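In: fold the following for me, if possible:
(one chain, ligands or ions: 1)
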Amino acid sequence: MFVNFSKMHGLGNDFMVVDNITQNVFLSRDQIKKLADRNFGVGFDQLLMVEAPYSPELDFHYRIFNADGTEVEQCGNGARCFARFVRMKGLTNRHKVSVSTKSGNITLYSEKDGQVTVNMGHPQFAPASIPFKASKSELTYIMRAQEHTVFCGVVSMGNPHCVLEVEDIDTAEVLTLGPLLETHERFPERANIGFMQILNPEHIKLRVWERGAQETMACGSGACAAVVIGIMQKKLANTVRVDLPGGSLQVRWQGEGHSVKMTGPAEHVFDGQISL
Ligand SMILES: N[C@H](CCC[C@H](N)C(=O)O)C(=O)O
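Out: Numbering: from 1, shown residues only. Take a look at the predicted model:
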């Protein structure tokens, strides 16, 4: 079986994007893990599948698989690349597309300057919606992992996020605390772990240890989660610049009852074909 794909990235968070409308591709978890391998496969953080919509009022269905082969509910950087891919491949000529994901519907807007804005939907805080083991919803939780005790915010952007505030992003213990918290027993579906340094209410720095992909150059849903947590803790304004190792995103949120908007680039690197 041959699979045609595009290699794309959002600020270095990189993707293998497959048109599963004009192709009929089924990949097992093991095949996805092999394709994700940066030495023996294509190499990517996530695999994105473009599929036909499940209902007439939507334009596409959007499936996301982490490098470890697990299917997940949301990928913000991937959504921007999805928007560029469907126009680039002639699957639509619309600047605004509505797509369903495992966790709900999102809307993608291809801007004239080449950037893409994603309406990421409403953040969810109820522990059961994350999912997260807690008796009630709190602004800040205490988490213990081995010898570490940390204070964090927890939110779902469709996918689960745990956000810690740190003094200095460059010395944050991302590689030790990240995996410990990703697999913490209080996260039954695991979680993405964000390390946020607040420079001022309109500007943060962020590193993310991603569930199923380790530390990535950028995490779109993680940027939204960090801004939402910062706003809930009354430390951030409603429009924030988020500097990630791979570049910057703009995240906007007017508060509870509103959806989160994220704007940033989406780059096409090359097209390829792989035989399986
Ligand atoms: N690792 C995430 C999926 C990809 C999210 C990230 N690449 C983004 O841009 O939002 C998870 O397991 O929920």
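In: pairing partners for the one helix or strand K205 maps to, with directions?
Out: With secondary structure defined by DSSP states H and E, K205 is part of strand 203-210. The strands beside strand 203-210 in its sheet (DSSP bridges) come out as strand 192-200 (antiparallel), strand 214-216 (antiparallel), strand 239-244 (parallel).
In: please list the residues of the stretch 51-200 of the chain that sit near the ligand.
Out: Taking CB under 6 Å from any ligand atom as the contact definition, the stretch 51-200 of the chain meets the ligand at I64, N66, V72, C75, G76, N77, G78, N159, N192. Quick note: C-beta positions are derived from backbone N, CA and C, even for glycine.
In: check contacts around the fourth one.
Out: When you say that, I think you mean C75. C75 sits next to F15, Q46, L48, I64, N159, G220, S221 when contact means CB atoms under 8 Å, 6 or more residues apart in numbering.
In: what does the fifth one give?
Out: G76 sits next to G10, V118, M120, M157, C219, G220, S221, G222, A223, C224, M262 when contact means CB under 8 Å, 6+ apart.
In: name the SS class of V86, please.
Out: With DSSP: H, G, I helix; E, B strand; the rest coil as the basis, V86 sits in helix.
In: and it, what's its pLDDT?
Out: pLDDT, V86: 98.
In: same check on the one 4 residues further on?
Out: pLDDT, the model's per-residue confidence, is 97 for G90.
In: most neighbours, which of the contacts of C75?
Out: Within those, most neighbours by other CB atoms under 10 Å means S221, with 32 neighbours.
In: doesn't that residue belong to a strand?
Out: No - S221: not assigned to a strand; according to three-state DSSP it is helix.
In: pretty sure it sits against V163.
Out: No - counting by CB atoms under 8 Å, S221 stays clear of V163, with 11.3 Å between them.
In: still on that earlier bit, reformat the residues of the stretch 51-200 of the chain next to the ligand as CSV; add pLDDT.
Out: Formatted as CSV, those follow (pLDDT from 0 to 100):
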residue, pLDDT
I64, 98
N66, 98
V72, 97
C75, 97
G76, 98
N77, 98
G78, 98
N159, 98
N192, 98
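In: in helices, which of the residues you listed fall?
Out: G76, N77, G78 (DSSP state H).
In: chain neighbours aside, what residue packs nearest to the last one?
Out: Nearest-residue entry for G78: L48, 4.9 Å, with adjacent residues in sequence omitted and distances by CB to CB, 6 or more residues apart in numbering.
In: pLDDT score for the one you found?
Out: pLDDT, L48: 98.
In: so it bridges to which residues?
Out: Beta-bridge pairing of L48 under DSSP bridges involves V17, I64.
In: touching, it and C81? I think so.
Out: Yes - under the criterion of CB under 8 Å, L48 makes contact with C81 at 6.8 Å.
In: joint contacts of those two?
Out: Common neighbours of L48 and C81 (criterion: CB under 8 Å, 6+ apart): F15, V17.
In: re the thing from before, would TSV of the residues of the stretch 51-200 of the chain next to the ligand with distance to S275 be doable?
Out: Shown next, in TSV, are these (distance: CB to CB, whole Å):
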residue	distance to S275
I64	24
N66	23
V72	27
C75	26
G76	31
N77	28
G78	24
N159	32
N192	33
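In: and stretch 83-94, how far apart are its ends?
Out: For stretch 83-94, the first and last residues are 9 Å from each other (CA to CA, to the nearest Å).
In: low-confidence ranges in the protein?
Out: Nowhere does the chain drop to pLDDT under 70.
In: ok, which stretches of it are helices?
Out: Going by DSSP H, the chain shows helices at 29-36, 76-88, 174-182, 220-232.
In: out of those, which is the most enclosed?
Out: Neighbour counts (mean count of other CB atoms under 10 Å) averaged over each of those peak at helix 220-232, with a mean of 28.
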